[in-house]
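>>> With the input below, show me the fold.
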Amino acid sequence: MNNVSFSVLRRVDYDALYDGFQWCLPERFNIGVAVADRWAEREPGRTALLDFGAAIEGDANEPRALSFGELSSRSNQLANGLTALGVKPGDRVALLLPQSFETVIAHCAVYKLGAIAVPLALLFGVEALEFRLNFAGACVLFTNARGLETIAPVRDKVAGLKHIVLVDGAVAERNVHHAAEEPGKPMAFETLLGGGSRDFTPVDSGPDDPALMIFTSGTTGPPKGALHGHRVLLGHMPGFEMAYEFPPRGDDILWTPADWAWAGGLLNALLPALSLGIPVAFGAFQRFDPQRAYRLMEAAKVTLAFLPPTAIRMMKAAGNLASAHELRLRAVLSAGEQLGRETYEWAEREFGFKVNEFYGQTECNLVLGSCAAIGISRAGAIGRQVPGHRVAVIDEAGAEVASGQVGQIAVRSPDPVMFLGYWNDEAATAKKFAGDWMITGDQGVVDADGYVHFFGRDDDVITSAGYRIGPGEIEDCLAGHPAVALAAAVGKPDPVRTEIVKAYVVLREGFAGSAALADDIKAFVRARLSAHEYPREVEFVDAVPLTTTGKVIRRIFRDRARAEAEQI
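Purely as a prediction, here's the structure:
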């Protein structure tokens, strides 16, 4: 994959690692082969997946396991079954599934077939699913009873969808059929699987052949389908190995609560781990639960975890629970939004080591990061350039800005981890680039030591009395208050200051909203940040809306604050 081994990470300093790195991509590469078949040939009995869902609920003594040999043969069967349905290279196959064996089997089968996997989150509503299925032109949908119920009202509006494959055993048995006899009716996953041979010759794909379409989160506008080639897995490896402080250990087991339909769950955790032979544990979470998370990490003997910032903040709000569990964690990756100093320092106390914070986007992921093992870690920063990637903060003309100045975070192209383009949207693809830079839409600052500090999305930056204020730092500071569980900070129009900072706050159990508490929260932030950053208004709310990837949807509160200002 590259000519620098990350297995020597602890014996190499960052500068030597970064300067000595060179990409060396193979001429032919297939994600399904790398994830399943390569290890099946070496060690077919090696554990690939561990399902702890029933075990941590007390319904079973041991987890269910799937070996690499089984993953390889079952994905071959499924690839044959899909071929029999008429699925061809380049066709889009949607996966509306939770963390499960079937999800990984389906991913591998789609890649081997040369089709394009389109992972979708079960948390999506009916309109969101209708849009994505139609926009991608999905011909097959893998889902469960919950997903089937969601899309039922719009099933006839998704014209290109020819087959629905159900993975729920009981539901599927009631719907078993032969496609030729009852076209359009849902079919059982096991039926499709059972009809295929265990032998399948994967397509001879190259790194740039399309493999995966992941929709952007839609925090700032309509979601777009970011199309990735098979090389996207290779492009993630430097950041993945850096984040988890390799060399790997023989007892390593990885877990993430992040949905595998999100780039974070899929590419920060699942696929890279399997490609390196690291078992992945799971237990389907409809909603993140800190207590359940600790139970799973203990039961599965998890050593490596990808925990999005929102999950860590929820763990923080639940109290210091690590001491009550026998944990084996040795490295945690956090990405998706800014972790923040308060949460960073709490996590270090809770876990006994520094969390490695990383940055990326659906279009170009894990390009900035931290690695405490080689001394690259700083509270409040998202890290430095990951070896193999060139990242800078630029101005509107595309020139790099001086340290300490706010600008746009940008990634130099070409880059193996970078997307091929937006599906059926050449104009949006072109707009994403400024010369050789892929612009992220995120504002940032580089300090004198080369660390990048995330400032906020372009639309999220608050302008108040001439200051440009990033909401992430304010939200992190708010979360440090003993009464605050979650918070969102936005700009509210103001005739004097242009905007003021307004905070929408979800309180912890045992606290009630009051004017006195609001004043205490304001003073808390002002004392820790500055007079221009503290929220001049605090409103208590029942919940902070999050995307399926766990990011705060500030747009909703920003629109709400603007509407309030117009009424004044």
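
>>> how long is stretch 530-543 end to end?
By Cα to Cα, to the nearest Å, the extent of stretch 530-543 from end to end equals 26 Å.

>>> again, but for stretch 311-326
Looking at stretch 311-326, the gap from its leading to its trailing residue is 19 Å under the measure Cα to Cα.

>>> got the domain boundaries for this structure?
Domain assignment for the chain by automatic domain parsing gives 27-392, 459-567.

>>> Return the most buried member of the ones you listed.
Neighbour counts (mean count of other Cβ atoms under 10 Å) averaged over each of these peak at domain 27-392, with a mean of 20. The way it works is simple: take the backbone N, C-alpha and C, and place the C-beta from them, glycine included.

>>> The strand or helix carrying Val445: partners in the sheet, and parallel or antiparallel?
Val445 belongs to strand 437-446 when assigned by DSSP states H and E. In the sheet containing strand 437-446, the strands it pairs with under DSSP bridges are strand 406-412 (antiparallel), strand 433-434 (antiparallel), strand 452-457 (antiparallel).

>>> mind listing what whichever helix or strand comes after the first one pairs with, with the direction of each?
Per DSSP H and E, strand 406-412 leads on to strand 421-422 as the next helix or strand towards the C-terminus. The pairing partners recorded for strand 421-422 under DSSP bridges are strand 225-229 (antiparallel).

>>> Provide a list of residues in contact with the nearest residue to Met438 once chain neighbours are set aside.
Beyond its immediate neighbours in the sequence, the residue positioned closest to Met438 (Cβ to Cβ, 6 or more residues apart in numbering) is Val411, lying 4.7 Å away. Contacts for Val411 were tallied using Cβ atoms under 8 Å, 6 or more residues apart in numbering; they are Cys364, Val367, His389, Arg390, Val391, Met418, Trp437, Met438, Thr440.

>>> Which secondary structure element is home to the nearest residue to Ala258 once chain neighbours are set aside?
Counting by Cβ to Cβ, 6+ apart, Gly265 is the residue found nearest to Ala258 once chain neighbours are left out, at 3.4 Å. When secondary structure is defined by DSSP H and E, Gly265 falls within helix 263-265.

>>> Who are the packing partners of that helix?
Using 3 or more Cβ pairs under 8 Å, 6 or more residues apart in numbering; DSSP states H and E as the contact definition, helix 263-265 packs against no other helix or strand.

>>> and the next element down the chain from it?
With elements assigned by DSSP H and E, the helix or strand that comes after helix 263-265 is helix 271-275.

>>> From the chain's centroid, how far away is whatever helix or strand comes next after that following helix?
Sequence order places strand 280-282 as the next helix or strand after helix 271-275, per DSSP H and E. Here the centre of mass of C-alpha atoms in strand 280-282, compared against the chain's by Cα atoms, centre = their mean, to the nearest Å, lies 16 Å away.

>>> Could you pull up the mean pLDDT of strand 280-282?
Averaged over strand 280-282, pLDDT sits at 97.

>>> That strand pairs with which strands, and in what direction?
Applying DSSP bridges to the sheet, strand 280-282 is found paired with strand 47-51 (parallel), strand 254-255 (parallel).

>>> Residues contacting the first one, please?
Strand 47-51 has contacts (Cβ under 8 Å, 6+ apart) with 36, 39, 63-68, 70-71, 100-101, 104, 253, 274, 279-283, 300.

>>> next one: that strand to chain centre, how far?
Strand 47-51 has its C-alpha centroid displaced from the chain centroid by 20 Å (Cα atoms, centre = their mean).

>>> Just give the nearest non-adjacent residue to Pro98, would you?
Leaving aside its chain neighbours, Pro98 sits nearest to Ala284 (4.2 Å; criterion: Cβ to Cβ, 6+ apart).

>>> Wait, that neighbour touches Glu102, no?
No. Taking contacts as Cβ atoms under 8 Å, Ala284 lies outside contact range of Glu102: 11.5 Å.

>>> shaky segments in the stretch 101-250 of the chain?
The stretch 101-250 of the chain contains residues with pLDDT under 70 at 169-184, 195-196, 217-221.

>>> go with 50
With pLDDT under 50 as the threshold, the stretch 101-250 of the chain has low-confidence stretches at 170-181, 219.

>>> Quick one: the helices in it, in order.
Assignment of helices within the stretch 101-250 of the chain using DSSP state H, counting those that start in this stretch yields the ranges 101-113, 126-136, 145-151, 169-173, 189-194, 231-243.

>>> Pull the contacting residues for the residue nearest to Ala258.
Neighbour list for Gly265: Gln99, Thr256, Ala258, Asp259, Phe306 [criterion: Cβ under 8 Å, 6+ apart].

>>> Who are the contact partners of the second one?
Applying Cβ under 8 Å, 6+ apart to Thr256 gives the contacts Gly264, Gly265, Asn268, Ala269, Leu270, Ala305, Phe306, Leu307.

>>> picking up where we left off before, which SS class is the residue nearest to Pro98?
Three-state secondary structure (criterion: DSSP: H, G, I helix; E, B strand; the rest coil) places Ala284 in coil.

>>> Roughly how far does the residue nearest to Met438 sit from Trp437?
Val411 sits 7 Å away from Trp437 when distances are taken as Cβ to Cβ, to the nearest Å.

>>> Over to Ser370?
The value you get for Ser370 to Trp437, if Cβ to Cβ is used, is 23 Å.

>>> again, but for Thr498
When distances are taken as Cβ to Cβ, Thr498 and Trp437 turn out to be 29 Å apart.

>>> all strands for the stretch 201-350 of the chain, in order.
In the stretch 201-350 of the chain, the strands defined using DSSP state E, counting those that start in this stretch lie at 210-215, 225-229, 254-255, 280-282, 304-306, 331-334.

>>> Same list (those strands) but as a markdown table, adding distance to Arg555.
Formatted as a markdown table, these follow (distance: least, Cβ to Cβ, whole Å):
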| stretch | distance to Arg555 |
| --- | --- |
| strand 210-215 | 17 |
| strand 225-229 | 20 |
| strand 254-255 | 31 |
| strand 280-282 | 31 |
| strand 304-306 | 25 |
| strand 331-334 | 23 |
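
>>> For Gly470, find the nearest of these.
With respect to Gly470, and counting by Cβ to Cβ, the nearest of the strands of the stretch 201-350 of the chain is strand 331-334 at 17.4 Å.

>>> how far is the closest one from where the chain is centred?
The answer for strand 331-334 is 13 Å, by Cα atoms, centre = their mean.

>>> so for that strand, what's the average pLDDT?
When pLDDT is averaged along strand 331-334, the result is 96.

>>> first vs last residue of stretch 493-500, how far apart are they?
End-to-end distance of stretch 493-500: 7 Å, with Cα to Cα as the criterion.

>>> Please apply the same query to stretch 393-402.
Criterion Cα to Cα; first-to-last residue distance in stretch 393-402 is 9 Å.

>>> Kindly report the same for stretch 346-355.
10 Å.

>>> if we can go back for a sec, other residues contacting the strand holding Val445?
Contacts to strand 437-446, defined as Cβ under 8 Å, 6+ apart, come from residues 220, 361, 363-364, 382, 392-394, 398, 401, 403-413, 415, 418, 432-433, 452-458, 461, 468, 470.

>>> How about stretch 554-565?
Taking Cβ under 8 Å, 6+ apart as the criterion, the residues outside stretch 554-565 that touch it are 219-220, 457, 459-460, 471, 488-494, 502, 504, 545.

>>> where does the stretch 251-400 of the chain have low pLDDT?
When residues are selected by pLDDT under 50, none of them lie in the stretch 251-400 of the chain.

>>> what kind of secondary structure is His481 in?
The three-state assignment at His481 reads coil, by three-state DSSP.

>>> distance of it from Glu475?
His481 sits 11 Å away from Glu475, going by Cβ to Cβ.

>>> can you check Ala335 too?
Shown here: Ala335 relative to Glu475, a distance of 16 Å by Cβ to Cβ.

>>> and the longest helix anywhere in the chain, what does it pack onto?
Secondary structure assigned by DSSP state H gives helix 68-84 as the longest helix of the chain. Applying 3+ Cβ pairs under 8 Å, 6+ apart, one finds that helix 68-84 contacts helix 38-42, strand 47-51, helix 101-113, helix 189-194.
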